[in-house]
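Novice: Sequence below, structure please.
(one chain, ligands or ions: 2)
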Amino acid sequence: HWRALLLLRLLTALHFVSEIICEAGIVYTTGSFYSPYAALFLLTIVSAALVYRLVGTLLVATAVNGAYVAVVWINYGLLTGRPTPGAGVGALTGGDDTLFYSTFLHILIFYLVAFIAGYLAQKLQAKDRLLDSASAELYRARLATGDILRHLNSGLLTMTGRGEIIFFNHAAETILELGGTEVSGRDCRAVFAGRLGPLADGLLTALASGQRTARREINIRDAQGRPLPLGISTSILFDTDGAVRGLIAIFQDLTQAKVMEERMRQADRMAAVGELAACMAHEIRNPLAAISGSVEVLRNDLAVAGDDEKLMSLIITETGRLNKMLSDFLMYARVDRTRFQKIEVQRIISDTIEIIRRHPSFSETMRIEVQADTGLTFISGDADQIKQILLNLAVNACEALGAAGGVIQFGAAAITDPDGERMVALTVRDNGPGIPIDLLDKIFLPFFSTKKKGTGLGLAIVSRLIEAHHGRVEVSSILGHGTEFRLYFQGLGGDDGPARHAVEADFVSAVR
Ligand SMILES: Nc1ncnc2c1ncn2[C@@H]1O[C@H](COP(=O)(O)OP(=O)(O)O)[C@@H](O)[C@H]1O
Ligand SMILES: [Mg+2]
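Specialist: Ligands and ions are numbered 1, 2, ... in the order given. As a prediction, this is how the structure comes out:
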């Protein structure tokens, strides 16, 4: 690179030298001292100013002067028959005043032009550089602010002290649904008329007050006429002399936030109702226990028979059902703290299987299988709650299989989700009748049940406990083929032993 630069410099210098030699030749042949072509030297000097700065131009002018003086000397020497430069010098400084002063004037003019041209060129160059850096700076600044404003999710607008809109960002256009309307330069009262009227009023009041306002709410309407709450804050821009120059307003669409707020309020209310219901359930359970206990005693003591016996049993079974309902409900409503511990999944599954095999809905016609990764799988969770989840799913599976029986399968697998996070998937599957597709999104609702004696709280409890574990539950079902519930939990390390890497495939082991 520097070689090319050096070559370029050399060539330019050579160019000027040859130019001067040519011009000197022309001047010499056209009468030297009397030649009108001495003005050609000026061209060289001015063009040198474009290339070199002041000093360079003065150097070129010196070369020009040398050439000019040489031409005049030589010519004069020839004219006077003493063709040596030495004689010329003598002549120049000797008698002929016109020649001396005229040459001197030429030299002076050449230097003067060189100085002026060089000086101006240098000034111009400096200005150029300044302009370049200033425009680069401007470009960068514009890029930064432009980017910020473009990617801002909030609406932003600025207006003058007279209410004329100057700037209006894209988000503002979207929020106010003003796409395509010319806004900048127009009066805000004209732009925000009709459904946006309250916004114009708000902005103008803020401007008139001359004070910044903290966030407040303005209710306008969207293009379809629905209410659109805006959260808006404004700042006043002041001139250096304290006069109001304009206003900046920043605003957001609060619809989503309002919905969330309402949902929170509702959740609060639900929690209060739930607490109340839980208290009631407790209160009911005690007299209920007294009733069923008393009836039990009466049945033995009174030795009732026939229809009376049937009625007695009805009381006992129905109080039992009520009791179950109440305890399920209490389980659902109770907000037990989830105590997170490192849990070994396979252990929880075998504990659950122990319980389910003693459960009344389990029968000998059912087979329980476990399908799990060979390595130990750990999750962080509350052992009791996870056991409860698996139990509820397993009881449902038993009830779905019914007397005909079938297979209940538990699964555990360590997986990596698309975000690269380690997860553990637990599955409970049965080959029962399945769930009709239109019921799939209802089964997790509290009190939804298709069973005559169901409470409809089993899956509601499952979803609540899963939520407490920051997990996720999915269900898939094929009518006539069976149902699978998949639970996803945050995985934990700790099974990095060689066994896990050696055997990748799942294995199936029959527990029964
Ligand atoms: N494994 C399953 N197979 C078929 N249906 C199921 C299964 N699990 C749940 N269901 C359906 O979901 C409903 C709700 O279940 P759940 O909340 O446990 O309440 P309950 O068992 O008291 O009915 C059940 O009534 C049933 O219709
Ligand atoms: Mg159930």
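
Novice: and the stretch 251-400 of the chain, which residues reach ligand 1?
Specialist: For the stretch 251-400 of the chain, the residues in contact with ligand 1 (C-beta under 6 Å from any ligand atom) are 392, 396-397, 400. (Each C-beta comes from the backbone N, C-alpha and C, glycine too.)

Novice: Now for whatever residue of the stretch 201-350 of the chain ends up closest to ligand 1, how many residues are close by?
Specialist: Using C-beta to the nearest ligand atom, residue 328 is the residue of the stretch 201-350 of the chain that sits closest to ligand 1, at 7.5 Å. Using other C-beta atoms under 10 Å, the number of residues around residue 328 comes to 21.

Novice: now residue 209
Specialist: Using other C-beta under 10 Å as the criterion, the residues surrounding residue 209 number 11.

Novice: same thing with residue 384?
Specialist: 13.

Novice: Following the chain past whichever strand or helix holds it, name the next helix or strand.
Specialist: Taking DSSP states H and E as the criterion, the element that holds residue 384 is helix 383-401. Per DSSP H and E, the first helix or strand lying C-terminal to helix 383-401 is strand 406-416.

Novice: Domain map for this protein?
Specialist: Structural domains annotated on the chain: 2-130, 153-253, 263-333, 341-510, as defined by automatic domain parsing.

Novice: right, is the shortest one up against ligand 2?
Specialist: So that's domain 263-333. No. Domain 263-333 does not reach ligand 2 (C-beta under 5 Å from the ion); its nearest approach is 8.5 Å.

Novice: Quick one: low-confidence residue ranges for this structure.
Specialist: Flagging of the chain using pLDDT under 70 yields the residue ranges 79-97, 335, 493-512.

Novice: For it, what lies in contact range of ligand 2?
Specialist: Counting by C-beta under 5 Å from the ion, the residues of the chain lying close to ligand 2 are 396, 458.

Novice: residue boundaries of the helices in the stretch 1-150 of the chain?
Specialist: All helices of the stretch 1-150 of the chain, identified by DSSP state H, counting those that start in this stretch, fall at 2-29, 40-51, 54-79, 85-93, 97-151.

Novice: Throw the ones you listed into TSV and include distance to residue 202, thanks.
Specialist: Formatted as TSV, the helices of the stretch 1-150 of the chain follow (distance: least, C-beta to C-beta, whole Å):
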stretch	distance to residue 202
helix 2-29	63
helix 40-51	60
helix 54-79	62
helix 85-93	89
helix 97-151	21
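
Novice: okay, those in CSV with distance to residue 208 and mean neighbour count next?
Specialist: Formatted as CSV, those follow (distance: least, C-beta to C-beta, whole Å; neighbours: other C-beta atoms under 10 Å):
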stretch, distance to residue 208, mean neighbour count
helix 2-29, 64, 14
helix 40-51, 59, 20
helix 54-79, 59, 20
helix 85-93, 85, 16
helix 97-151, 26, 13
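
Novice: circling back: once you drop chain neighbours, what's closest to the residue of the stretch 201-350 of the chain closest to ligand 1?
Specialist: Spatially, and ignoring its direct neighbours in sequence, residue 328 is nearest to residue 457 (4.1 Å; C-beta to C-beta, 6 or more residues apart in numbering).

Novice: And for residue 164?
Specialist: Spatial nearest neighbour of residue 164, excluding adjacent residues (C-beta to C-beta, 6+ apart): residue 187 at 5.7 Å.

Novice: Could you do residue 359 as well?
Specialist: Of all residues not flanking residue 359 in the chain, residue 395 sits nearest, at 6.2 Å (C-beta to C-beta, 6+ apart).

Novice: cool, residue 355 as well?
Specialist: What sits nearest to residue 355 in space, not counting adjacent residues and going by C-beta to C-beta, 6+ apart, is residue 391, at 6.0 Å.

Novice: Count the residues that sit near the one you found.
Specialist: When neighbours are defined as other C-beta under 10 Å, residue 391 has 20 of them.

Novice: From residue 276, how far out is it?
Specialist: For residue 391, the distance to residue 276 (C-beta to C-beta, to the nearest Å) stands at 28 Å.

Novice: Return the residues in contact with the residue nearest to residue 164.
Specialist: Applying C-beta atoms under 8 Å, 6 or more residues apart in numbering to residue 187 gives the contacts 162-165.

Novice: quick one on the thing from earlier: the residue nearest to residue 359: what's it in contact with?
Specialist: Listed by C-beta under 8 Å, 6+ apart, the contact set of residue 395 reads 356, 359, 361, 458.

Novice: State the distance from it to residue 360.
Specialist: Residue 395 is 9 Å from residue 360, by C-beta to C-beta.

Novice: what's the answer for residue 302, then?
Specialist: From residue 302 across to residue 360, the span is 28 Å (C-beta to C-beta).

Novice: likewise residue 343?
Specialist: Here residue 343 is placed at a distance of 27 Å from residue 360 (C-beta to C-beta).

Novice: neighbour-wise, which of these two wins?
Specialist: More crowded of residue 343 and residue 360, by other C-beta under 10 Å: residue 343, with 20 against 7.

Novice: Assign a three-state SS to that one, would you?
Specialist: Here residue 343 is recorded as strand under DSSP: H, G, I helix; E, B strand; the rest coil.

Novice: shouldn't residue 74 be in contact with residue 29?
Specialist: No. With contacts counted by C-beta atoms under 8 Å, residue 74 stays clear of residue 29, the gap being 11.9 Å.

Novice: Verify the stated contact: residue 424 with residue 380.
Specialist: No. Residue 424 is beyond contact range of residue 380, at 9.7 Å (criterion: C-beta under 8 Å).

Novice: So these two - more neighbours on which side?
Specialist: Under the criterion of other C-beta under 10 Å, the comparison of residue 424 against residue 380 puts residue 424 first, with 23 against 16.

Novice: Residue 162 belongs to a helix, doesn't it?
Specialist: No. Read with three-state DSSP, residue 162 is coil and lies in no helix.

Novice: Next, count neighbours for the residue in the stretch 101-250 of the chain positioned nearest to ligand 2.
Specialist: The minimum distance from the stretch 101-250 of the chain to ligand 2, using C-beta to the ion, falls at residue 226 (41.6 Å). For residue 226, the count of nearby residues is 9 (other C-beta under 10 Å).
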